[in-house]
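Visitor: Starting from these lines, generate the structure:
(2 chains)
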Amino acid sequence: MVTSKTTRRFDQISTHFVLGLFALLALFPIAYTLMTSFKSQDEVLTRPPTFFPPTWRFDGYETVFNSDMTRYYLWNSLFNSTTASLVVVTLASLASYTFSRYRFRGSRTLELAILALMMIPGLTNLVPLYRIASDLGVLRPQGINAHLFISAVYTAGGLPFAIWIIKSFFDNIPIELEEAALIDGCTPIQALIRVVMPLAAPGLMAAFLLMFVDTWNEFLAALVLLNGTARTVTVGLYDFQSSFEIAYHVWTAACIVIMLPVLLLFALLRKRFFEAMLQGALKG
Amino acid sequence: MTNLSWRAKADALPHTFSSGRNYRWLPLWFLLPSIVVLLALQVYPTLYSVYLSTTRVRRGEFLHVGLANFERLLQTPSFWESLRVSLTYSLAYITLTVSIGLMLALLLNRRFKFTGVYLVIIFIPWVISEVVAGTMWRWLFQPTYGLAQAWINTYLPFLGEQLYTTSSGALAIVIAAAVWRGLAFTTLLSLGALQTVPQEIIESASLDGANRFQRFFGVILPQIRSTVLVMVLLTSIQSINSVGLIFSITRGGPGGATRTAAYYLLQIGWEQGDFGTGAAVSVILFLINMSLTILYLSIIGRRRD
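Guide: Numbers count the residues shown, from 1 in each chain, chains lettered A, B, ... in the order given. Modelled structure (predicted):
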């Protein structure tokens, strides 16, 4: 391109300036939350407010770590997210394999119908799901039923997207590899498990990750379907509102504890994240 | 189902194998678990909510009331008010996330140093739960002790004191928080689209003397038109159904200023336990979503050809 050296220099500086500004805006609320979480109650209620804590304290974390958040909610979220993500990836792999490798009357329509389900927001199903849960008697927090029910709801919510993503990964695997395996005497199931799935591992991983983060962060279904000790982190966060109205050092400490696991996952596997999201929204 | 004729792609996968077992129905068995789950927990609840929208609970009994719920709903001013809030919220969210996202993607696509780092940082808010993000923003704008509010009082006093307690201020805070989270999504999608635009077209346009704006609107935008459309549709679906941020920042307040139709549904159907009316709102929201989805699918379907 014909651009002079000075124009290019200016471009470089202005680009970094704007991108840097937005990066700062993205990080600022998180940084302030982190700083607040190390303040004491008095320091939270200081006017004018300061960004850094005057003294570094762990009162907020102490409260969070002695609450139901660490006794129940974190474990519930971990259980629900892991269960739902594993089941989704398993079921979606099987379904995507069929969509990727077989054609039958109506297969295209079925595929699009499933994709359309992806767009049904969890929101509009809440009232009926609440009715179903109360009919099944799984609204009580005791036992494992509440967890299994919401994991099933998450599974249904995540399946369409996972099928969509995993199928696009399967489509990129040459069919000749399976033919060879079949000729060597593999059954189709063995071919899927031993040949196709390992090659699509990045895709399965990506689907698992997106699903895990989504269910970890999910709020509405958890709010409506879970009670008492069966609640998850996002709903349990509100425990700190009722008991400490203005104790933002406790709130923010809880926020940090809740977001830390998914932020770590994202930091470790961000490339997979980007791939899967692009694949999911734009390709087909 | 006996009439299903399976045909393996390119006749590649045979149905009978050396083991002698017949795998003719295998693809069906592979699909079955997913279909059962989707029917039970996606399709059935949707139909159930259509049924519930025509009922009313009286002393524990379900009474059929026809379309009375819809009639009453359409005569309720607060429902229309919530649709209006939804429209404002969605328009602001869509315009801001799509335009700023495109701009950031254009800058990232210049591929100067640290582009990857910027993208990762801009993406972080998307990974944070809506309610956690909402709590952070609520704290920033807490009327007495919030840091952002204190800065506004000092440096930008014309924006107003105690934004959180005013109608337009609260709506602005909720929109800002939503855009903060949503930018990640539109930036990534735009960047993905921009990277498919061949560099040569842009170069030849600039050789022809097109300036930056002409290049963007004349060359780049037409190339990524379908992605922009997809972004507009997906962001409208996101904003119409978003509840978590509003719940965690304002709970619909002050005085219904941030009560979108989605939040209205949560209040009526769940907090007040009025299943019939709640289901009626669900059905209306569902129809809005469905029309947007059909548009989205037709765009995605066209790209494929």
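
Visitor: Check the gap between residue B:63 and chain A for me.
Guide: 15 Å (CB to the nearest CB, to the nearest Å). To be clear about C-beta, it is placed using only N, CA and C from the backbone, and glycine gets the same treatment.

Visitor: What strands line up against the helix or strand that residue falls within, and which way round?
Guide: Here residue B:63, judged by DSSP states H and E, is contained in strand B:61-64. Note on strand B:61-64: by DSSP bridges, its sheet partners are strand B:55-58 (antiparallel).

Visitor: just checking, residue A:278 touches residue B:188?
Guide: Yes - between residue A:278 and residue B:188 there is a contact under CB atoms under 8 Å: 6.7 Å.

Visitor: So those two - more neighbours on which side?
Guide: Each of residue A:278 and residue B:188 has its neighbours counted (other CB atoms under 10 Å in any protein chain shown); residue B:188 has more, 23 against 17.

Visitor: Pull the distance from stretch B:173-193 to the chain's centre.
Guide: Counting by CA atoms, centre = their mean, to the nearest Å, stretch B:173-193 is centred 11 Å from the centre of its parent chain.

Visitor: per-residue confidence at residue 171?
Guide: The chain I'm using is chain A. We have a pLDDT of 88 for residue A:171.

Visitor: think we crossed wires, I meant chain B
Guide: 94.

Visitor: same thing with residue A:163?
Guide: Here, the pLDDT recorded for residue A:163 equals 92.

Visitor: any idea whether it is helix, strand or coil?
Guide: Three-state call for residue A:163 (DSSP: H, G, I helix; E, B strand; the rest coil): helix.

Visitor: give me the number of residues near the residue in the stretch 51-200 of chain B positioned nearest to chain A?
Guide: Nearest residue of the stretch 51-200 of chain B to chain A: residue B:129, at 3.5 Å (CB to the nearest CB). Neighbour count for residue B:129, taken as other CB under 10 Å: 25.

Visitor: what residues are shared contacts of residue A:278 and residue B:188?
Guide: When contacts are counted by CB atoms under 8 Å, 6 or more residues apart in numbering or on different chains, the set common to residue A:278 and residue B:188 is empty.

Visitor: just the helices in the stretch 151-300 of chain B please.
Guide: Using DSSP state H, counting those that start in this stretch, the helices found in the stretch 151-300 of chain B span residues B:167-194, B:199-207, B:212-214, B:221-223, B:225-241, B:244-249, B:261-265, B:275-304.

Visitor: Those helices into TSV, with extra columns for distance to chain A?
Guide: TSV is the format used below for the helices of the stretch 151-300 of chain B (distance: least, CB to the nearest CB, whole Å):
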stretch	distance to chain A
helix B:167-194	4
helix B:199-207	6
helix B:212-214	10
helix B:221-223	14
helix B:225-241	4
helix B:244-249	5
helix B:261-265	6
helix B:275-304	4
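
Visitor: For residue 140, the count of nearby residues, please.
Guide: Just going to use chain A. Neighbour tally, residue A:140, other CB under 10 Å: 13.

Visitor: wrong chain, I was asking about chain B
Guide: Neighbours of residue B:140 using other CB under 10 Å come to 23.
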